[in-house]
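**Student:** Coordinates for the following, if possible.
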Amino acid sequence: MNSADMATPDGAPVAWLMRRLGASGQQRINGPDLMLKYCEAAAKRGESIYLYGGAETTLSILCDQLPKRFPGLVIAGSHSPPFRALSEDEDAAIVRDINASGAGTIWVSLGCPKQEKWMAAHRGRINGVMIGVGAAFDYHAGVISRAPLWMQNNGLEWLHRLASEPRRLWKRYFVTNTLFIWHAARQLMTAQSK
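**Tutor:** Here you go, the predicted structure:
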C-alpha cells in the first residue's frame, strides 16, 4: 500500500475518518463503482482494459457483460490465475500476455491483501496502471450480490459481506475492523491533543 501510486478510501469508515482529520468533502471511492465509471469512460475513449483475477466462469460472464453495458469497451485480455502460487515461468507468461495486450489499465480482482501483494510484486513489470478492485468482478458478473445501497451509504457493506460469507470473512473483519477502530481512535486522540 505504501508504494502504491494511489490509494483510495474504499470503506466508508476510512472516508469518515479522513473527513474528521481535515480532508473535508472526502467521499468513499470503492473498487466496484470506480471500475464501472472507468469502463464507461474507457468505452468512450476507445481505451482497452485487462481483467486479472476471479474464477474462469466469472471472467467469462464479465467479458460478455461489460461490452454490452458499455458499447465500445475493448477488453484486451483476461486471466483467471489458479488458487496456488505461480511458477516463475507461469508468472512471466502472464506478464508477457498483459503487456502484449496493450491495455492501459489492468483491473485486479484477487481480494485483499492478495491483490495488493500481487500488484506490488509486479510494479515496474506490467506496462499499465494496476487497480485493485476486490470483489468487483463477482459483483459485476452477478456471481455474488452487493449490499443494498442504504448499507453501502452507511458504512455497513462489510456487514453484508460478512453475513453472505461468514466462514470465509469472519476472521478478516474481526481482525481488520478491530485494528481499524484501535488505530483510528489513536489517530483521533493524537489529532485532538495538537
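**Student:** only C-alpha atoms for contact and neighbour calcs from this point on.
**Tutor:** Noted.
**Student:** quick one: low-confidence parts of the protein?
**Tutor:** The chain contains residues with pLDDT under 70 at 1-2, 4, 6, 9.
**Student:** residue nearest the centroid of it?
**Tutor:** Closest to where the C-alpha atoms of the chain average out (CA atoms, centre = their mean) is residue 133, at 1.2 Å.
**Student:** Can you tell me the closest non-neighbouring residue to it?
**Tutor:** Take residue 133 and drop its neighbours on the chain: the residue closest to it by CA to CA, 6 or more residues apart in numbering is residue 31, 4.2 Å away.
**Student:** okay but the one you found is in contact with residue 10, surely?
**Tutor:** Yes. Contact between residue 31 and residue 10 holds when scored by CA atoms under 8 Å: they sit 6.6 Å apart.
**Student:** Between those two, which is the more surrounded one?
**Tutor:** Between residue 31 and residue 10, counted using other CA atoms under 10 Å, residue 31 has the larger neighbour count: 23 against 18.
**Student:** where does residue 77 sit relative to residue 122, distance-wise?
**Tutor:** Look at residue 77 and residue 122: by CA to CA, to the nearest Å, they are 17 Å apart.
**Student:** List the buried residues for the longest helix seen in the chain?
**Tutor:** Longest helix of the chain, by residue count under DSSP state H: helix 166-193. Within helix 166-193, the residues that qualify as buried by neighbour count (16 or more other CA atoms under 10 Å) are 173, 184.
**Student:** Check which helices and strands that helix sits against.
**Tutor:** Contact partners of helix 166-193 among helices and strands, from 3 or more CA pairs under 8 Å, 6 or more residues apart in numbering; DSSP states H and E: helix 157-164.
**Student:** contact partners of the helix it packs on?
**Tutor:** Residues outside helix 157-164 that contact it (CA atoms under 8 Å, 6 or more residues apart in numbering) are 146, 147, 148, 151, 169, 170, 173.
**Student:** SS state for the second one?
**Tutor:** The reference is to residue 147. In terms of secondary structure, residue 147 is coil; the call rests on DSSP: H, G, I helix; E, B strand; the rest coil.
**Student:** now the strands for this structure?
**Tutor:** 48-53, 74-79, 105-109, 129-132 (DSSP state E).
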